[in-house]
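# Sequence and predicted model, in that order:
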Amino acid sequence: MKHFSSANHIMMGSMGLVVLSALSGCQSAPEEKAEPQNKFLVVEQQPNGKFVVVEEVPTTGPSHAIIRSTDENGTVHERVMSEAELKELADQEYKKMQEGKSELNSEPKSEGMGLGGTILAAAGGALLGNVIGNMLMNNSTFRKNQDASNRSAYHRSASGSGSSATSNTQKKSFFGNSASKSTSSSSSYGG
């Protein structure tokens, strides 16, 4: 009987730990102030004169962009835009959007947009703040234009518009183990 008593104590202690860890996981974490994610962009001018984002990387430093264009001789030119220049361009485009005069107000007609619209679509929240970024993201026409002007792999994965093959997904149990795998072990108490 002594073995069953200590086994019950062990089981009750284990159950207590499980309950405590489950309850501690349910507590809400203190809200952290969300900081806008600064970005490094590579923006490329298309043959039709419109611009698209070809690379987008979050950065801990200030936002900046490289603007690539090709002249009539096929020579590629690159210039770096500072965060201040990007903010000014995004702010001008945002004001045009509020007045209904921006490409971002209408359905996309082709891939790419003007430079201001492309910058605002790619980094509006980082450049103008989260409030404006959230307002823009709630606008379906803006999101369509954003998708039409941003070919970067980062944008595709972050927006979820990449491929969604989920054939190999497995359900997870509460403790993170795969539900398709089960292990069993037998043990005896006493003797």
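Looks like it arrived, so ask away.
# For residue 130, see how far away residue 111 is.
28 Å (C-beta to C-beta, to the nearest Å). Heads up, the C-betas are built off the backbone N, CA and C, glycines and all.
# Extract the residue ranges of the protein that are flagged as low pLDDT.
1-36, 152-191 (pLDDT under 70).
# Apart from its neighbours in sequence, what residue is nearest residue 46?
Ranked by C-beta to C-beta, 6 or more residues apart in numbering and with sequence neighbours excluded, the top spatial neighbour of residue 46 is residue 112, at 5.1 Å.
# and the one you found, how many neighbours?
26 (other C-beta atoms under 10 Å).
# Might you report the residue contacts of it?
Neighbour list for residue 112: 46, 48, 50, 51, 52, 118, 148, 149 [criterion: C-beta atoms under 8 Å, 6 or more residues apart in numbering].
# got the residues you listed as JSON lines, with neighbour count and distance to residue 62 columns?
Output for the contacts of residue 112, formatted as JSON lines (neighbours: other C-beta atoms under 10 Å; distance: C-beta to C-beta, whole Å):
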{"residue": "46", "neighbour count": "14", "distance to residue 62": "27"}
{"residue": "48", "neighbour count": "9", "distance to residue 62": "31"}
{"residue": "50", "neighbour count": "20", "distance to residue 62": "26"}
{"residue": "51", "neighbour count": "25", "distance to residue 62": "21"}
{"residue": "52", "neighbour count": "20", "distance to residue 62": "22"}
{"residue": "118", "neighbour count": "31", "distance to residue 62": "19"}
{"residue": "148", "neighbour count": "21", "distance to residue 62": "27"}
{"residue": "149", "neighbour count": "28", "distance to residue 62": "22"}
